[in-house]
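**Student:** Fold the following.
(chains A and B)
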2 protein chains.
Amino acid sequence: MTTLQADTTRASAPVNPGKRRYRPLGLSEIQLTDGFWAARQAVNGGATLEHCDRWEQRMGWISNFADAAAGACPERRTGTVFSDSDVYKLIEAMAWEVGRTADPALNARVLELGGLVAAAQRPDGYLNTHFGAPGQPPRYSDLEWGHELYNYGHLFQAAVARLRTGHADAITEAALRAADHVCEVFGPGGAEAVCGHPEVESALVELYRTTGERRYLDQARLFVERRGRGLLRPIEFGPSYFQDDVPVREASVLRGHAVRALYLALGAIDVAVEDGDGELLGAVARQYRNALSKRTFLTGGMGSRHQDEAFGEDYELPPDRAYAETCAAVASVMVAWRLLLATGEEIWAEVIERTLFNAVAVAPSRDGRAFFYGNCLHQRAPGAPVDPDTPSARAASRSRAPWFEVACCPNNVARLYASLATYFATATNDGVQLHQYAPCRVDTRLGDGRALALEVRTGYPFGGDVEITVVAAPDDEWELGLRIPAWARCSALVDGRPAIGPLERLRGPMPPGTVVRLSLPIETRTVEPHRRIDAVRGCLAVERGPLVLCAESSDLPGGLTVNDVEVDPAGEVALTEAGAVIAGSAIRAAEPDTWPYAPPEPAPDAAKVRLDADPAAPGPEPLPITLIPYFDWGNRGPSTMRVWLPKRTAGPG
Amino acid sequence: MTTLQADTTRASAPVNPGKRRYRPLGLSEIQLTDGFWAARQAVNGGATLEHCDRWEQRMGWISNFADAAAGACPERRTGTVFSDSDVYKLIEAMAWEVGRTADPALNARVLELGGLVAAAQRPDGYLNTHFGAPGQPPRYSDLEWGHELYNYGHLFQAAVARLRTGHADAITEAALRAADHVCEVFGPGGAEAVCGHPEVESALVELYRTTGERRYLDQARLFVERRGRGLLRPIEFGPSYFQDDVPVREASVLRGHAVRALYLALGAIDVAVEDGDGELLGAVARQYRNALSKRTFLTGGMGSRHQDEAFGEDYELPPDRAYAETCAAVASVMVAWRLLLATGEEIWAEVIERTLFNAVAVAPSRDGRAFFYGNCLHQRAPGAPVDPDTPSARAASRSRAPWFEVACCPNNVARLYASLATYFATATNDGVQLHQYAPCRVDTRLGDGRALALEVRTGYPFGGDVEITVVAAPDDEWELGLRIPAWARCSALVDGRPAIGPLERLRGPMPPGTVVRLSLPIETRTVEPHRRIDAVRGCLAVERGPLVLCAESSDLPGGLTVNDVEVDPAGEVALTEAGAVIAGSAIRAAEPDTWPYAPPEPAPDAAKVRLDADPAAPGPEPLPITLIPYFDWGNRGPSTMRVWLPKRTAGPG
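**Tutor:** This is a model prediction of the structure:
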């Protein structure tokens, strides 16, 4: 068995590639100090982790491990086949939080949970509360739906979080035993098989990166290369559902179940990076690029279909039935981050920013105790108020729910938020790159151990001024990279000079006390969809800095819903404190009570209409429409909401 | 037990209300003789029935009955919990076909199948191959998903078809025993329960109408009134999925699973009609009207969502993900027909016409051996060619499949087609009403036994001339009603005079030899959606007479897909033999390889563009776009298709 000790040679961060363009910073090297994301980290640490723990106790997912250890499964077992993984995700989230805050009580809980988990492990390393015991289905008898390897993946990631934050304990021991077991069962000469839900691939690579155990990487590569060759049995949704239709190197676009597709991409990138496999890296980058250009919502959300939680076809992007599962957004951030580290292309930091602000931050409620599972861009009818004591049976965008029978999303956000700072900046031998803007402190060492410390102050994303103070710096020349968002590229200023390119590189001796001032123009802009995105033809959306805005009925007068408004495509958009106001109209048109399809009315002669129109006939009423950040909708009670606003096309006025 | 004999007092038709505005004609009173629908009946009788029989043998659904009789279930049983119902639907379809054609071989097959079914019945009348035997789940232990009462419903309808076509045999005996068993188990003092899938309600009423056994009606009423009171246990999709959220009398719109909602409507109408319950009838009519005005596709198809096969929200009508299950269209015809018989309102005949031509006729392939299960209005990407030997796991609109694991749709179309003539005309004491136009022969008796016979000739729906020749008629005054479709109301002519109103009533002595000539102007027209139907904003569709047209890539040049075209909203639409041609453009725009949302381009000054535009820049190319009837798409190999055509909005040219 692999010998194990806390990994102090690697950054305390979720992703630690051995080969890379940029080096990630660990939790000890970057901390969020204030502002938008720090507030969310505080809610995550102060409310969400405890909330998830309480619900996983209540649902019986935690006690499943004790029951398995006591031989009381399947009789006493509850939850889905993948409920073990939610406990692992929670442990991972807690582990990063302990790494971030050194909270002794939380650390004690991690140890307690890890002990429960480890006690359920079989002598040969197998660990699962749903399979393998007398009365349960045999081990690995349902690779299509059983999620056994998926569960291990999350176990491994929990262990990686512990090891990288300085702990070797029961769960890290259990993870290594399980990883060795996986390599024995599924390695060369073993079962030629893959799991219906990718996840173990990337986790095995991170375990390799943390332990140096080469066969974990080899096993990950085997799983990546085996996929797409029909090893999984046929299922209702077809082999593309779990990406078993086309080998990873040959696929042109992400397809099928969105989270599965993105998790597979994570693993493939990790394998490609460690092996220096440019072909594989290029294949996954191409698939992700194609998904971004043809299968992604304005928010960065991915996955158009509720039925199989899948991407759907190119340009199939319905705002009302957008599935845009929170977990897919989390996974997309993880994919983009790996590509950024591997390639240094700032486009991936752009994707991370859009996705974090608009597809991830929308999921938790303000208090961190309720969650969207899917994240639609158009809520047609208000949901019912949610009972904070009742779990939701299924992803429903109508209202945030306190919990779900399938609870991947709350835990996934929790583990991302706890480690969030590590996605914001990177280092090279001679400098630091700031990819995301938030009040933060950076304290790291460049090549030759040269200390570099920065203090960042900003009101971003509501204000665009970013002030970077050098606290400690090498005596000689070093580089400060500042990402210039695409929307700001024409008018961003660095110390009053126009910024150039996607990464503004400041080089020179910048001694402690140096202050660099970046000015990003936080303005509103309207955007329109590519003509092939049929579902939002004739609409515009408004963005403000990195934020997608939306109209919510909570801001509309007189019982109007968002279905009753149109906007003036040539009208003014005025900035407000948190959002904007756009010129529009209320259409109080009668709803048809017969057939809703009819020949078009003859185009009115505008002058004639103005002279002759019946003054009593209700026309559109001018209405300034308040727009708020999409991430904040649904926090004021049941409402309707829309991101894409129909443009006024005809009629008098 | 109820005594049983062939029912010769009722029309040999699926629906025989005791109280009604119009009397339905039976298969002996109206026959389709030629044209669009007679051709489909011929394919149904000559290919589809045998196709269904062969597949149900191959899938093991027929042998399930023999296995159940031999005590070999559950070991040998195959298929879903509702596979029994598919055998019943097939028997019903065959029974109507025997009634229509008197085919002795088919009658022998009905007797054979009926014998198999009856042999599986338990002594107390219980009949189901999935429940109740040793090793199977107990009877009625899963009313939410078990479909036991649903299965009975289709058994009863098969029996009704046999009784009304002059046969009393093993399956009619079995049905009556089962119905008595149902009344004992679920009647007053019995289990206060309903089935997760409505269907038995209407079937019980028809069984009452056929046998005179009052308690079948009483039981149907009980089932209707019990629903919407939370008697079913919670399921993932919520109680609206099976209409258990609101009592039938109180609901305002059809909701949840579309086929379930429509089958419940059938039963509620049947109960209301027999009981003279105007409140209940009005409630269902209101729900159906609301579904038609806000939850129905242009084709008449119903059901927007794949996930739960449900209606979705008002105005949620995505063309690409339209589910529009074939069975829902069949059920909608059945609902509209009942409302027409009950109220005499021609709007319901309009709905039947639209739905038959556009939502039902599209389902079977030309050869009657492959079927769409869902019927989308926009096929973005061509499907793979279908293997005629492999059943489809699930509803997929991509291509017609030879069979499905869930095979309600082929059987449902088969039973509708075999009895189709009975939905085309009605009678009153002093006349006949023609609601649908097809070459046909009517031979019936009015009040006081007065003989009336008509011969109808027409090329409808491709031509609009209808010639009705009186073959036999009363000596005195009688009435000939001719429905004038809404689209034709301004210009339809009867014997050269303008027709008036939705039903042109010709009264007078019209002796044999009289010829009435109806001229319906078969022209094309463009229609636009109500502004709230977001998914097709900025698009138009073209209709021609009763037919919805569509563009299919098979008719486009140079590898274009239907996603590459726009139409000129002011352009000419020219009639062609079967469809039309509309002026449009091909847009060979490059697909974005980055982010597909961008600020709008400044509106070009048209004059300037014409003078200065780079002549090499590819602009829209003028392209006449061929439109074919929607019912016929997908018959020329894999293709893309769209009903809603984007209107050209800007740009030079």
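**Student:** remind me which residues of chain A are low pLDDT?
**Tutor:** Within chain A, the ranges that satisfy pLDDT under 70 run A:1-9, A:394-397, A:589-590, A:602-619, A:650-653.
**Student:** Apply 50 and report the result again.
**Tutor:** A:1-3, A:604-617, A:651-653 (pLDDT under 50).
**Student:** A:Leu506 and chain B: what is the separation?
**Tutor:** The gap separating A:Leu506 from chain B is 27 Å, by CB to the nearest CB, to the nearest Å. Just so you know, the C-beta spots here come from the backbone N, C-alpha and C atoms, and that holds for glycine as well.
**Student:** Please apply the same query to A:Lys647.
**Tutor:** 9 Å.
**Student:** got a list of what that residue touches?
**Tutor:** A:Gly538, A:Cys539, A:Leu540, A:Glu566, A:Val567, A:Asp568, A:Pro569 (CB atoms under 8 Å, 6 or more residues apart in numbering or on different chains).
**Student:** Also A:Asn128?
**Tutor:** A:Asn128 touches A:Ala68, A:Asp84, A:Arg139, A:Glu148, A:Asn151, counting by CB under 8 Å, 6+ apart.
**Student:** how about stretch A:224-235: buried residues?
**Tutor:** Residues A:Val224, A:Glu225, A:Arg226, A:Arg227, A:Gly228, A:Leu232, A:Ile235 are the ones in stretch A:224-235 that count as buried (16 or more other CB atoms under 10 Å in any protein chain shown).
**Student:** nearest to chain B, of the residues you listed?
**Tutor:** Taking CB to the nearest CB as the measure, chain B lies nearest A:Ile235 of these, at 7.6 Å.
**Student:** okay, now the closest residue to that closest one other than its chain neighbours: neighbour count?
**Tutor:** In space, and not counting its chain neighbours, A:Ile235 is closest to A:Glu144: 5.6 Å by CB to CB, 6 or more residues apart in numbering or on different chains. A total of 17 residues lie near A:Glu144 under the criterion other CB atoms under 10 Å in any protein chain shown.
**Student:** and A:Trp633, how far is that from A:Val573?
**Tutor:** 18 Å (CB to CB, to the nearest Å).
**Student:** what sits against whichever residue of the stretch 51-200 of chain A sits closest to chain B?
**Tutor:** In the stretch 51-200 of chain A, the residue that lies nearest chain B is A:Thr80 (12.0 Å; CB to the nearest CB). A:Thr80 makes contact with A:Glu405, A:Val406 under the criterion CB under 8 Å, 6+ apart.
**Student:** near chain B, which residues of the stretch 201-350 of chain A?
**Tutor:** Residues of the stretch 201-350 of chain A that fall close to chain B, judged by CB under 8 Å from any CB of the partner chain: A:234-238, A:289-290, A:292-294, A:296, A:298, A:305-307, A:312-316, A:318-321, A:347.
**Student:** May I have stretch A:450-470 as CSV, with CA atoms only?
**Tutor:** The C-alpha trace of stretch A:450-470 is given here as CSV (Å, rounded to 0.1, in the frame of the first residue of the first chain):
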residue,chain,number,x,y,z
ARG,A,450,11.8,35.4,-3.7
ALA,A,451,8.8,36.7,-1.5
LEU,A,452,6.0,38.5,-3.2
ALA,A,453,2.9,39.9,-1.3
LEU,A,454,0.1,42.0,-2.7
GLU,A,455,-3.0,43.6,-1.2
VAL,A,456,-5.9,44.0,-3.6
ARG,A,457,-8.8,46.4,-2.9
THR,A,458,-11.8,46.8,-5.1
GLY,A,459,-15.6,47.1,-5.1
TYR,A,460,-15.8,44.7,-8.0
PRO,A,461,-18.2,43.7,-9.6
PHE,A,462,-20.2,46.8,-8.7
GLY,A,463,-17.3,49.2,-9.1
GLY,A,464,-14.5,48.8,-11.6
ASP,A,465,-11.6,50.4,-9.7
VAL,A,466,-9.0,47.9,-8.5
GLU,A,467,-6.0,49.0,-6.4
ILE,A,468,-3.1,46.6,-6.0
THR,A,469,-0.6,47.5,-3.3
VAL,A,470,2.8,45.8,-3.3
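**Student:** Which residue ranges of the stretch 51-200 of chain A form helices?
**Tutor:** Assigned by DSSP state H, counting those that start in this stretch, the helices in the stretch 51-200 of chain A fall at A:63-69, A:83-101, A:104-119, A:148-164, A:170-186, A:200-211.
**Student:** my bad, the stretch 351-500 of chain A
**Tutor:** Counting by DSSP H, counting those that start in this stretch, the helices of the stretch 351-500 of chain A are A:408-418.
**Student:** where does it come near chain B, residue by residue?
**Tutor:** Counting by CB under 8 Å from any CB, the residues of the stretch 351-500 of chain A near chain B are A:His378, A:Arg380, A:Ala381, A:Ala393, A:Arg394.
**Student:** number of nearby residues for the residue lying closest to A:Glu350 once chain neighbours are set aside?
**Tutor:** With sequence-adjacent residues excluded and distances taken as CB to CB, 6+ apart, A:Glu350 is closest to A:Ala486, at 5.9 Å. For A:Ala486, the neighbour count with other CB under 10 Å is 15.
**Student:** wait, isn't A:Ala486 in contact with A:Ala499?
**Tutor:** No - using CB atoms under 8 Å, A:Ala486 is not in contact with A:Ala499; the gap is 11.9 Å.
**Student:** At the geometric centre of chain A, which residue do we find?
**Tutor:** A:Val330 (1.9 Å; CA atoms, centre = their mean).
**Student:** Now do the SS call for that residue.
**Tutor:** helix (DSSP: H, G, I helix; E, B strand; the rest coil).
**Student:** Please report the distance of A:Ile30 from A:Cys440.
**Tutor:** For A:Ile30 relative to A:Cys440 (CB to CB), the value is 6 Å.
**Student:** what's the overlap in contacts for those two?
**Tutor:** A:Ala421, A:Phe424, A:Ala425.
**Student:** where's the nearest residue to the second one once chain neighbours are set aside relative to A:Ile347, distance?
**Tutor:** Translated: A:Phe424. Spatial nearest neighbour of A:Phe424, excluding adjacent residues (CB to CB, 6+ apart): A:Gln436 at 4.2 Å. Going from A:Gln436 to A:Ile347 by CB to CB gives 14 Å.
**Student:** Show me which of those two is the more surrounded one.
**Tutor:** Just comparing A:Gln436 and A:Ile347: by other CB under 10 Å the higher neighbour count belongs to A:Gln436, 23 against 17.
**Student:** For the more buried one, give me its contacts.
**Tutor:** So A:Gln436 contacts A:Ala349, A:Ile352, A:Glu353, A:Leu356, A:Tyr423, A:Phe424, A:Ala425, A:Arg483 (CB under 8 Å, 6+ apart).
**Student:** does the last one have beta-bridge partners, and which?
**Tutor:** Looking back up the chat, that one is A:Arg483. Here A:Arg483 shows beta-bridge partners A:Leu503, assigned using DSSP bridges.
**Student:** how many other residues sit next to it?
**Tutor:** A:Arg483: 26 neighbours (other CB under 10 Å).
**Student:** and if you look at the first one?
**Tutor:** A total of 26 residues lie near A:Ala349 under the criterion other CB under 10 Å.
**Student:** ok, it - contacts?
**Tutor:** A:Ala349 touches A:Ala336, A:Leu340, A:His435, A:Gln436, A:Arg483, counting by CB under 8 Å, 6+ apart.
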